[in-house]
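Engineer: pasting the sequence and the predicted model now:
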Amino acid sequence: MLDSFGLISAETPITEGLCALLRTGSVPFFLRLTGQAPHYQEAECMEMAEIKGGLDKDFFTRMQDRQNRRLRLIGNLVILVLLTIELRTLLIGAWNDSILVAAALATVLVARKLTARGKPEYAVSVALMTLTLLVSCSMWLEQGLYSGALIAFPTVLVVAGVIASERLFWALLTIMLATVALISFSAYFGYRAFQPLPIGVGRWAVVSSILVVSAGTIVWMMREMRNMQSSLEREGKRLRCSQAKITHLVGHDALTGLANRTAFSSHVTQMIEAARTQQRTLALLYMDVDNFKTINDSLGHTAGDELIRSVAGRLKQVVRDADTLCRHGGDEFVMALANIDDVHTAVAVAQRMQEVISQPFELSSKQLVTSLSVGISLFPNDGHDADTLVQKSELAMLQAKKAGRNTHFVHQEDLSADSHQRLDIEQALRQAISRDELRLYYQPIIALKGERLVGAEALLRWQHPEQGLLSPDRFMDVAEQSGLIAEIGEWVIRRACEDAMRWQQHGLRLGVSVNLSAIQIRRNNLQSVIVDVLNESGLEPELLELELTESMLLEKSDAFLQLLKNLKKLGVSLAIDDFGTGYSNLSYLQRFNVDRLKVDKSFVLDLSSNEQNRAIVTAVIQMAHSLKLQVTAEGIEHQLVQRILTSLGCDHAQGYLFSRPLEPDAFLGYARSYSERA
Ligand SMILES: Nc1nc2c(ncn2[C@@H]2O[C@H](COP(=O)(O)O[C@H]3[C@@H](O)[C@H](n4cnc5c(=O)[nH]c(N)nc54)O[C@@H]3COP(=O)(O)O)[C@@H](O)[C@H]2O)c(=O)[nH]1
């Protein structure tokens, strides 16, 4: 409806205020709204439609109804006046006038009909045009310019000027001027004489009626205009409110109420301009909540959202008016610091941010502690536009993550190259998972007593399409930092159990060991993954060994202890991998009820020549046996080392001497030939 009035179309900039009342081609007045509201056009089409709909129904329909009522009222008044005049003309026998007034009456009745049928525009046009012609005729036939009907002309023009089309207005004026000219020149050149009639009661009545109807119409129109103006002001306010709401939604993040990426980017662009003009430094802080994914996965998305809101609330407290803070994505926030002296100010703010976030959060009656990794980039050193600065600060943040989290890093070009590489690896690793490029290789584990094959350690590889077979050292870091290890780790457990079942189908009952990452332990679903995999593959739990590292045992939470207990209850065994390289605390071994120690290869490789390592390995084996733990030695490359370990009573052995890690089919062949030999 609005579009058909030509008021607001989707392309028209929306209002910032009322501007003017306009005359239109139809009866209702309407507003022309001017001014630019830059964000409005970004709003959803749906919201635009809502605003249009709101104006359409509530505003214009109301206005139109009211005007139609008024027009009917004026029509009635005019009929009354015309009837009075008709009576008078009949009484005095002014037959010409009588016919004209009867014609005017008929016209007004037709106009009323048209208004009742919802065509007030036609009604007004017909009425005004006919009235003008009748008045002109009356003047021509009777008293010329002496006629009292002449005073109807200005009134007709005022009414036409306000409620009729511009074309009709000019047409009426032309007719009036032509009439006046015709009468004047006819009289001047003597074609026709016009005489004023004596003034009496009748003339008084006609002139007064015309004046009353004119005054009534004009008063009505003025009132209408005032009413209209206040209604439009109200509508204007409503529009401004809607506009403000839409502008807010367009530029803000719904969860935290902070600026979103789009708004932030335009703020930062302005800040960069200002910094350039004032030759000042600007800093961007890219902040990432450490371990958010784990928190989100373990406590659920509602708690995750609550944490994000609380983090945003605390960060806001540190922000100055001149600075800008935005939520850049899931658990990432970016802040622009205006007018800083140097990098030290940015670092101080980063520290302050870390400090406020390191205080415990109260989430659904649970206390939760987290930290913040912050990357800093500076204008003009690191870039000249918002995107580059954000990108550089993100790379610096990744460096902070790499350095162990809960720290901050200032962007440096050489570090950036490394981070770019890491981002590339992460991207490629994601594709590797979906393209099924990951492989499991198996390294045989031999029981030294009797030299029997007892199982294999599953070791991950990436069959890279261009770089060939990659060992975990090339991608494990990235997998852990990106959280991809959770998905990869689950795949490893599943594939290892399925392969162990396949060996059984070939008559080989062998154990399989898989390495766990700390991130898998921290996620809440490890136990259910293992239960599912054992059920689905059918592997006996005692054939599955989970390898933990010593550092994982430093996690002293009740949940971790319970997890290990539950895993033990399932029947799977636990081994401590790389034993000797970490915090070899005996009390941990007892407390966590592990089954096996795997002596790190760094002690084993040169066992035959290194007295110190031999002493360490001897002590580890004795200590483990006294705690009823089994020992596996890793990294056996020479027979002499095997002999020494056998003499020391080491239970199992693993190393290149027996075999390098083998792809599944090769391992099956190896295992078969081993069993045939036995
Ligand atoms: N969380 C997970 N970690 C995994 C997984 N698969 C492997 N890894 C870890 O990656 C690290 C590197 O492993 P990899 O390159 O496979 O190296 C293993 C062996 O190839 C190597 N090895 C074995 N015998 C010898 C030997 O005689 N000499 C020698 N120089 N190296 C040898 O040792 C690695 C096995 O180490 P460990 O796990 O400590 O038993 C490594 O830390 C893996 O743990 C995975 O699926 N998940």
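Structural biologist: Perfect, I can see it now. Being a predicted model, the structure only gives us computed values, none of them experimental. Numbering: from 1, shown residues only.

Engineer: so, in contact with the ligand or not, the lengthiest strand in the chain?
Structural biologist: As assigned by DSSP state E, the longest strand anywhere in the chain is strand 452-464. Yes - using Cβ under 6 Å from any ligand atom, we find that strand 452-464 touches the ligand at Glu457, Leu459, Leu460. For the C-beta atoms, the positions are set from N, CA and C on the backbone; glycine is no exception.

Engineer: nearest to Arg276, of those residues?
Structural biologist: Leu460 (49.6 Å; Cβ to Cβ).

Engineer: chain center to the longest helix along the chain, what's the gap?
Structural biologist: The residue-count maximum for a helix in the chain (DSSP state H) belongs to helix 201-251. In terms of Cα atoms, centre = their mean, to the nearest Å, the centre of helix 201-251 is set 43 Å apart from its chain centre.

Engineer: which secondary structure elements does that helix contact?
Structural biologist: Secondary-structure packing of helix 201-251 (3 or more Cβ pairs under 8 Å, 6 or more residues apart in numbering; DSSP states H and E): strand 17-22, strand 30-34, helix 45-54, helix 61-92, helix 152-163, helix 261-278.

Engineer: helices and strands around the longest strand of the chain, which ones?
Structural biologist: helix 413-434, strand 438-447, strand 468-470, helix 484-505, strand 511-515, helix 664-677.

Engineer: re earlier: nearest to the ligand, of the helices and strands packed on helix 201-251?
Structural biologist: Evaluated with Cβ to the nearest ligand atom, those place helix 261-278 nearest to the ligand, the distance being 34.3 Å.

Engineer: following that closest one, which helix or strand shows up next?
Structural biologist: Sequence order places strand 281-289 as the next helix or strand after helix 261-278, per DSSP states H and E.

Engineer: keeping just the C-alphas, turn the helix or strand following that following strand into CSV.
Structural biologist: Going down the chain from strand 281-289, the next helix or strand is helix 292-299, by DSSP H and E. Only the C-alpha atoms of helix 292-299 are listed here, as CSV (Å, rounded to 0.1, in the frame of the first residue of the first chain):
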residue,chain,number,x,y,z
PHE,A,292,36.0,-23.3,25.9
LYS,A,293,35.2,-26.2,23.6
THR,A,294,35.8,-28.7,26.4
ILE,A,295,33.6,-26.7,28.8
ASN,A,296,30.9,-26.4,26.2
ASP,A,297,31.0,-30.1,25.4
SER,A,298,31.1,-31.2,29.0
LEU,A,299,28.7,-28.8,30.6
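
Engineer: how close does the residue lying closest to Ala456 once chain neighbours are set aside sit to Ala396?
Structural biologist: Among residues not flanking Ala456 along the chain, Tyr442 sits closest, at 3.8 Å (Cβ to Cβ, 6 or more residues apart in numbering). According to Cβ to Cβ, to the nearest Å, Tyr442 and Ala396 sit 40 Å apart.

Engineer: of the helices and strands packed on strand 452-464, which stretch is the most buried?
Structural biologist: Mean neighbour counts were compared across those using mean count of other Cβ atoms under 10 Å; the top stretch is strand 511-515, at a mean of 22.

Engineer: what's that one in contact with?
Structural biologist: Applying Cβ atoms under 8 Å, 6 or more residues apart in numbering, the external contacts of strand 511-515 come out as 442, 445, 454-460, 492-493, 496-497, 499-500, 539, 542-547, 575, 577.

Engineer: ok, Met552 - contacts?
Structural biologist: Listed by Cβ under 8 Å, 6+ apart, the contact set of Met552 reads Leu516, Ala518, Ile521.

Engineer: what's around Val268, how many residues?
Structural biologist: Val268 is flanked by 25 other residues according to other Cβ atoms under 10 Å.

Engineer: now do the same for the nearest residue to it once chain neighbours are set aside: its pLDDT.
Structural biologist: Nearest non-adjacent residue to Val268, counting by Cβ to Cβ, 6+ apart: Ala386, 4.0 Å away. pLDDT, Ala386: 94.

Engineer: which ones are touching Ala386?
Structural biologist: Ala386 makes contact with Phe264, Ser265, Val268, Thr269, Ile272, according to Cβ under 8 Å, 6+ apart.

Engineer: what's the spacing between it and the ligand?
Structural biologist: Ala386 sits 38 Å away from the ligand, taking Cβ to the nearest ligand atom, to the nearest Å as the criterion.

Engineer: nearest residue to the middle of the protein?
Structural biologist: By Cα atoms, centre = their mean, the chain has its centre lying nearest to Asp253, at 6.2 Å.

Engineer: can I assume that one is in contact with Cys326?
Structural biologist: Yes - using Cβ atoms under 8 Å, Asp253 is in contact with Cys326, at 7.3 Å.

Engineer: what residues are shared contacts of these two?
Structural biologist: Ala259, Asn260.

Engineer: list phi and psi for Arg192.
Structural biologist: With angles defined as degrees, to the nearest 10, Arg192 sits at phi -150, psi 140.

Engineer: list, one by one, the residues from the stretch 351-500 of the chain near the ligand.
Structural biologist: So far as Cβ under 6 Å from any ligand atom goes, the stretch 351-500 of the chain lies against the ligand at Gln443, Glu457, Leu459, Leu460, Ser471, Pro472, Asp473, Met476, Val492.
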